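S.K.: below is the sequence, then the predicted model.
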Amino acid sequence: MKVDFYRFGEIGIDGNVYTNDLIIHKGHIIENWWRRRGHFLEEEDIVKYIGSNWKKGIDTVIIGKGANGLMDVSEKLIMSIEMNNMKYFLEKSDMACKRFNDIENKEKTLFLIHLTC
């Protein structure tokens, strides 16, 4: 799986174009990802789409915080990631896409990307 391009409001993955935020979990794309509090990411926003076992088999979490990095991430979520010994990256979405492409084992990677702001 490869990100072909990212630009404000749009991402291309393996030849397909998406215009809503999305999650890539263990090689599967989950489209139309919405957060309860908009530009604030909480663990519940992941559980809603993947389930409470979302950490199982994951060793890296990449979060694209938007073109300008305006999506905030809750401290509780960061602590949960750290307590489970996962590497994590909180970056503007263009850099997050590059990092995702550089990851060798995408099956063990959770990629969450906000496409605007």
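M.R.: Perfect, I can see it now.
S.K.: show me where this structure has its helices.
M.R.: Secondary structure of the chain (DSSP state H): helices located at 43-50, 75-83, 93-102.
S.K.: the ones you listed: which one's closest to residue 67?
M.R.: Checking these against residue 67 by CB to CB gives helix 93-102 as the closest, at 5.8 Å. (C-beta placed from N, C-alpha, C; glycine too.)
S.K.: which neighbouring elements make contact with the closest one?
M.R.: Packed against helix 93-102, as judged by 3 or more CB pairs under 8 Å, 6 or more residues apart in numbering; DSSP states H and E, are the following elements: strand 3-7, strand 60-64, strand 87-91, strand 109-113.
S.K.: what comes up buried for that helix?
M.R.: With burial defined by 16 or more other CB atoms under 10 Å, the residues of helix 93-102 counted as buried are 93-97, 99-100.
S.K.: any residues touching it, and which ones?
M.R.: The contact list for helix 93-102 (CB atoms under 8 Å, 6 or more residues apart in numbering) reads 2-3, 6, 11, 24, 62-67, 89, 91, 106, 109, 111, 113-115.
S.K.: quick one: mean pLDDT over it.
M.R.: In this model, helix 93-102 carries a mean pLDDT of 98.
S.K.: verify the stated contact: residue 12 with residue 1.
M.R.: No. Using CB atoms under 8 Å, residue 12 is not in contact with residue 1, being 11.7 Å away.
S.K.: picking up where we left off before, of all the helices and strands packed on helix 93-102, which lies closest to residue 79?
M.R.: That would be strand 87-91 among those, by CB to CB, at 10.9 Å.
S.K.: which parts of that closest one are buried?
M.R.: Result for strand 87-91 [16+ other CB under 10 Å]: buried residues 90-91.
S.K.: and it, which strands flank it?
M.R.: In the sheet containing strand 87-91, its partner strands are strand 60-64 (parallel), by DSSP bridges.
S.K.: I am finished for the moment; much appreciated.
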